[in-house]
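**Q** I'll drop the sequence and a predicted model, then ask my questions.
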Amino acid sequence: MPQSDTTLDQWLVFTLAEQKYALHVDCVRELIKTSDHKIRSIPQTPDDIVGAICTRGSVIAVRDLRTMINLPSLAKETADVTGILEQHKIDHADWFHKLSSTIHEGGDPSLACGSQSCTFRKWYDALMGDKTALQTLTNSNFTLFRLFGQLGPAHDAIHSIAAKVADLVREKKFDMARALMDETGAAQLQNLIGITNQIEVLLDELRKPLIIIMEWEKRQLGIQVDSVNSVVRIPDEKISPLPERVEQSGLFKAIAKTDNDGSGLMLLIDGAKLFEDADPNWQPPDLSQFDDNAPEFSKNQMAATGP
């Protein structure tokens, strides 16, 4: 599309993995939520093509911009965090039950390790200490942010009870130790698991990419991004050439200063390059394959062939 006078210096700013990028608005047609459209996987396509969507009567290929610039996909990043949380539940449930069995058998309570020495607590403290990472992970959702805030105290509470139980055992107050473990300790473990489960559900619901529908020389393409920030004006004096090594990637065209002192930088993407990198021979499938009643394609599925 040719640039108009009114959009000459306007850019759509979006985020990938906590870094801001921008596309010129003249190649942007609309924004689409992935939760509102079914993405159909297409067999035998490059890894960065996540599938295709049907919108406004057109079938449009969707590329994952994270994958294109060698970042882990948003789905993988979310799965990694969910994996840490899931392992946290398993480890603490196993640890609690082993400690409980030991206490009931009158054994050594040394399993009652401190909260700060826990591997999960170290990961949690690092996350909570990084406001930008936490905001990105929670998608600025208050409920999810609040649940993460509750997770630390719930984790500390179960370790605190274990420490009290260990002290009671050393004082040979076995009945009190068992009661504390079976009642208060078990309730705190369930609270910890419940909070973790809620976080996992919300992470899956909230960390969904947006699709930017682009149009260039009558061709259409969708690209997945983490979130869209705003449309901003970037005058020429705020734009600088790329360093040589970055320029070699071919996808980026310049770098923009996002504040007066130049401490914030934003990469500007050459929208045309996104189309040039796409497979020119790729053809969208028949529209009937995108009917809601049709079976979903699998990327691992062999393409149908035959006479």
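**A** Ah, there it is.

**Q** How far does the helix or strand containing residue 203 sit from its chain's centre?
**A** Assigned by DSSP states H and E, residue 203 falls within helix 186-206. Counting by CA atoms, centre = their mean, to the nearest Å, helix 186-206 is centred 18 Å from the centre of its parent chain.

**Q** which other helices and strands contact the next helix or strand along the chain from it?
**A** Secondary structure here is assigned by DSSP H and E; on that basis, the next helix or strand after helix 186-206 toward the C-terminus is strand 210-216. Identification of packing neighbours for strand 210-216 by 3 or more CB pairs under 8 Å, 6 or more residues apart in numbering; DSSP states H and E yields strand 10-16, strand 28-33, strand 219-225, strand 227-233, helix 271-277. Every residue, glycine included, has its C-beta placed from N, CA and C.

**Q** Looking at the first one now, give me its mean pLDDT.
**A** Right, the one you point to is strand 10-16. Averaged over strand 10-16, pLDDT sits at 92.

**Q** Show me where the stretch 1-150 of the chain has its helices.
**A** Assignment of helices within the stretch 1-150 of the chain using DSSP state H, counting those that start in this stretch yields the ranges 65-68, 74-104, 119-128, 131-138, 142-170.

**Q** before we move on, the earlier item: okay, buried residues for the helix holding residue 203 please.
**A** Burial within helix 186-206, assessed by neighbour count using 16 or more other CB atoms under 10 Å, is assigned to 186, 188-189, 192-193, 195-196, 198-200, 202-203, 206.

**Q** so it versus helix 74-104, what angle?
**A** 170 degrees (axes from the mean of the first three to the mean of the last three CA atoms, to 10 degrees).

**Q** Tell me which other helices or strands helix 186-206 touches.
**A** When contacts are defined as 3+ CB pairs under 8 Å, 6+ apart, helix 186-206 packs onto helix 74-104, helix 142-170.

**Q** Touching that helix from outside, list them.
**A** Helix 186-206 is contacted from outside by 78, 81-82, 85-86, 88-89, 92-93, 96, 137-139, 141, 143-144, 147-148, 150-151, 154-155, 157-158, 161, using CB atoms under 8 Å, 6 or more residues apart in numbering.

**Q** one step back: looking at the buried residues of helix 186-206, which is nearest residue 54?
**A** Closest approach to residue 54 among these (CB to CB): residue 206, at 24.8 Å.

**Q** In this structure residue 106 contacts residue 172, no?
**A** No: in terms of CB atoms under 8 Å, residue 106 does not count as a neighbour of residue 172; the distance is 9.4 Å.

**Q** Flag the shaky bits of the stretch 1-150 of the chain, pLDDT-wise.
**A** Regions of the stretch 1-150 of the chain meeting the criterion pLDDT under 70 cover residues 1-7, 107-117.

**Q** Specify the residue positioned farthest from the middle of this structure.
**A** residue 172 (48.9 Å; CA atoms, centre = their mean).

**Q** Tell me the spacing between that residue and residue 37.
**A** As judged by CB to CB, to the nearest Å, residue 172 and residue 37 stand 65 Å apart.

**Q** List the contacts of residue 265.
**A** For residue 265, the contacting residues are 255-258, by CB under 8 Å, 6+ apart.
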